[in-house]
Every structure is written in C-alpha cells, then in structure tokens.
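>>> coords please:
(2 chains)
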There are 2 protein chains.
Amino acid sequence: MDKQMMPPDVVVRRLPLYARTLAYLQQEGKKSVSSQELGARINVTAAQIRKDLSYFGQLGKQGIGYNVDELLQHINRILGLSQDWNVVLVGLGPLGQAIARYSGFGEKGIHIVGLFDVDPHKVGTEFAGLTIRHVDELPMVAREHQVRMAIVAVSAEHAQEVVELLVKAGVEAILNYAPVIVQVPTGVWVRHIDPVSLLHSMTYYLARESTLPPA
Amino acid sequence: MDKQMMPPDVVVRRLPLYARTLAYLQQEGKKSVSSQELGARINVTAAQIRKDLSYFGQLGKQGIGYNVDELLQHINRILGLSQDWNVVLVGLGPLGQAIARYSGFGEKGIHIVGLFDVDPHKVGTEFAGLTIRHVDELPMVAREHQVRMAIVAVSAEHAQEVVELLVKAGVEAILNYAPVIVQVPTGVWVRHIDPVSLLHSMTYYLARESTLPPA
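Here you go, the predicted structure:
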C-alpha cells in the first residue's frame, strides 16, 4: 500500500461498521448499494463513504454503486477477517461473564479461547464451556493458542497491571472495559469501552438544551 | 457561548475523559497538573489538551498548569454533571443484567430508575433493587422520573423498535449496546457500544503486521 494512501485510524474504525451493514444488506438479499444508501444506514454522508473506500482501491461503479458481496468480501479481507482470531478474556465479574456468554464474537470470527481471573472461588470452575484459569497461566495459554488480542473486564484498580501482563504474554491488541485509560507500549493497540463517558458526552448536549430560555 | 466557539463533537467526547482523569488526580492528592501530564494520561498531545479546553474559556496558567479541583469542577459543570441524570435500561439479558448491577453509573451521577423487558419470566421480578417492568410502561416511568436518557441492551433485531419507543416516551439520548446502527430523529443523540467492531478495527493492524516480510 502506498504510504500516502495509509488510511487514518478514524477510517479504520468505520470499516467494521461498513462490513456489518453490508452483511445486513446481504441478508436482506440486496445485490448492490449506493454510497447514499450505505451512508444513510451508518449516519455518514455519501461523500465520506466514497472518500473512506477510496483508500482501498476503486471499489464502486459510477451510477451503479457497490456490489454488496464483493465489497463485503473486500472489506473483510482488509480487516484481516479472512482468518479467525483467538482472544483471551481477563476478569469474570458480572460484565466479564456477560462478555464470555455473548455469541456475537464467535459469529464474527473472534474466538474466546481463555478465561482468566484471580478469585480462588472462580479459578478452576467451568464457565461458558471453558475452565477459568489463574492469570499466572496467561503466558502459557497465549502461546499455545497464538493469542494476539485480549479483552479486559477487571476493575479500574487492576486494569493497568493486567494490561502489562497481557503485553508481556505477547498480546498486541486490547479491548479495555475498565473505566480507566490504560497505557501501552508502542506497537500495542488499545480501544476503550466506557459507557459512563459516552453518557456524559450526551449530558453535555442535554444540559445545554434545558438551559435555553423558554420560547 | 459564541457560535464560532462551539466545540466539535470529538472534543465533547473527550471531555468526560478529562473529568475522569482529573478525578483520579484529585484522589491522588494532586493540586495542579500540566497539559503535558494530563495529555500523557489520556494519550493525547499537550497541544490538543490546550486546544480542547480553549473552547471553554481561559482555564490554565502559563507555567503553572491547571488547578485540578477548579478544572474538574468546571468540566463537570460544562458536562451538565452538577445535576444527576435519571436513565432507563431496556433489555435484561446477561449484558443488561451486568449493566443494571454496575455501580460505576451511580458514582458518576447516572441513576438507573427503570428496568424494562418483554419476557414474561422477567417482568414483575426484582433485579438490582428495581422491579423489571414491561416496555409498555416506559412512557409512564419516563414521565414520572423525568427520564431523558436510556441504555439499550436488546438484540439487534429489536433495537430500532425499542429506540422508537424511547423517543416517543421523550428520551433524547440513547446509549445503544445492540450490534446495529439505530436511526434517531434530529434532536436525539445516540452513541454505540460495539465491541466486535472495535476488535475488528484492531485486527486490521494485526493482519497488516503479520503480512510484513520477515526482516
């Protein structure tokens, strides 16, 4: 890929939304889709869709739009989804348990191959078809299953420590549910899931509206 | 606020991270913080911090940095967090149950005042100190508790329908955990929590690395 054509991260983050939406269109039996139609589903403009996809080659045809099957297959390949990915999950509290039981990962090529906790009441028990192991066994399991990704669902206090264990075990991409921004070395990716911050980013707008003078 | 000073949404989304980080600094007993230090914790540049905060007035002092208490209080006010917010939660599957039990919302001024589902085995039962009600009762509860925000944790198939019920009941901001992009009318805010898409936005980079020729 040409250096100047490297897509910015914001575009990379939108690609999975395109893939998901194209998969829905495929299920609905659609053969082609315009950038307008795709944009409306994802809440971005048609121009943005065309610009985003232009990073990855000439994909649409003027006046015809995108071939749904082809575009989906192409984006899945770009996203590295022609292969499956093994992940480990650390933290089996109520949230971790919900994550472990969520079938949406496996359907999308993400396989949870290891569950970890430190609670002696949990370690050694079965959950969602796997045995919960002590985090000390992380390096072994990561090596055995060629794990490059992890999901962290521990408390804010323990998140940084767990992330460091994961990085040491060779993990290169982390999805962090703990309400704290974790630090990772260069070459390791991290995304945060933070419902409180997302809600607060909306109270900003609601508070503004409610302070408007009555009409 | 001056029209030209309206912060873009990306800045608004970062504000809660500033607030969270300042609260941690406050707990650690720090009185002041530089834009460098704050930036390092949030993984943005010092210049970005200064630019973001400049939308909200002159907040720091050259060479001294930001007063932690004052900046936190100021950001909380901007985010509308000098008041508490009532929210309802729709969908009491494993994920909804984990959300209902999560103490992190209440600590940050977000109060879940209603739980809703349609499953007759769930409706009428107690969970996390509340009675699960049928979604038909949504308008009544929303009115009674002046609810303007909601969390949606139903399946992809039902998310759009539930969102429409919420909007009809007067909800103006929705946090959607269902793996589908929901459509809302103008004036209603929505944020999506989508772990699969976040993981896929990282497999993009991992797939790239592993296809590099060996050194």
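
>>> Work out for me the element A:Leu81 sits within.
For A:Leu81, there is no enclosing helix or strand under DSSP states H and E.

>>> Please report phi then psi for it.
phi -100, psi 10 (degrees, to the nearest 10).

>>> Also A:Pro94?
The phi/psi pair for A:Pro94 (degrees, to the nearest 10) reads phi -60, psi -40.

>>> Could you tell me how far stretch A:169-184 lies from the centre of the chain?
Here stretch A:169-184 is found 12 Å from its chain centre; the criterion is C-alpha atoms, centre = their mean, to the nearest Å.

>>> A:Gln48 falls within a helix, correct?
Yes - the assignment for A:Gln48 by DSSP: H, G, I helix; E, B strand; the rest coil puts it in a helix.

>>> ok, now which ones touch it?
A:Gln48 makes contacts with A:Gly39, as judged by C-beta atoms under 8 Å, 6 or more residues apart in numbering or on different chains. In short, each C-beta sits where N, CA and C put it, glycine included.

>>> hmm, 10 Å instead?
Shown in contact with A:Gln48 (C-beta atoms under 10 Å, 6 or more residues apart in numbering or on different chains): A:Val11, A:Arg14, A:Ser35, A:Gly39, A:Ile42.

>>> so the third one touches A:Lys61, yeah?
No - with contacts defined as C-beta atoms under 10 Å, A:Ser35 does not count as touching A:Lys61, sitting 11.1 Å away.

>>> ok so, going back, would you format the contacts of A:Gln48 as JSON lines with secondary structure, neighbour count and pLDDT included?
Formatted as JSON lines, the contacts of A:Gln48 follow (DSSP: H, G, I helix; E, B strand; the rest coil; neighbours: other C-beta atoms under 10 Å in any protein chain shown; pLDDT from 0 to 100):
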{"residue": "A:Val11", "secondary structure": "helix", "neighbour count": "19", "pLDDT": "94"}
{"residue": "A:Arg14", "secondary structure": "helix", "neighbour count": "19", "pLDDT": "94"}
{"residue": "A:Ser35", "secondary structure": "helix", "neighbour count": "20", "pLDDT": "92"}
{"residue": "A:Gly39", "secondary structure": "helix", "neighbour count": "19", "pLDDT": "93"}
{"residue": "A:Ile42", "secondary structure": "helix", "neighbour count": "16", "pLDDT": "90"}
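
>>> which one among the residues you listed gets closest to B:Leu166?
Compare each of the contacts of A:Gln48 with B:Leu166 using C-beta to C-beta and the shortest gap goes to A:Ile42, at 20.6 Å.

>>> Over to A:Phe56. Which of the three states is it?
A:Phe56 is classified as coil under three-state DSSP.

>>> A helix includes A:Gln97, no?
Yes - with three-state DSSP as the criterion, A:Gln97 is assigned to a helix.

>>> need the contact list for it.
Counted by C-beta under 10 Å, 6+ apart, A:Gln97 has contacts A:Leu89, A:Gly91, A:Leu115, A:Lys122, A:Phe127, A:Ala128, A:Ile132, A:Ala153, B:Pro94, B:Leu95, B:Gln97, B:Ala98.

>>> Repeat that for A:Asp52.
Applying C-beta under 10 Å, 6+ apart, the residues near A:Asp52 are A:Pro7, A:Pro8, A:Val10, A:Val11, A:Val12, A:Arg14, A:Leu15, A:Tyr18, A:Ser35, A:Gly39, A:Ile42, A:Val44.

>>> Pull the number of nearby residues for the closest residue to the first one other than its chain neighbours.
Distance criterion C-beta to C-beta, 6 or more residues apart in numbering or on different chains; nearest residue to A:Pro7, sequence neighbours excluded, is A:Tyr55 at 4.1 Å. Other residues near A:Tyr55 number 17, with proximity taken as other C-beta atoms under 10 Å in any protein chain shown.
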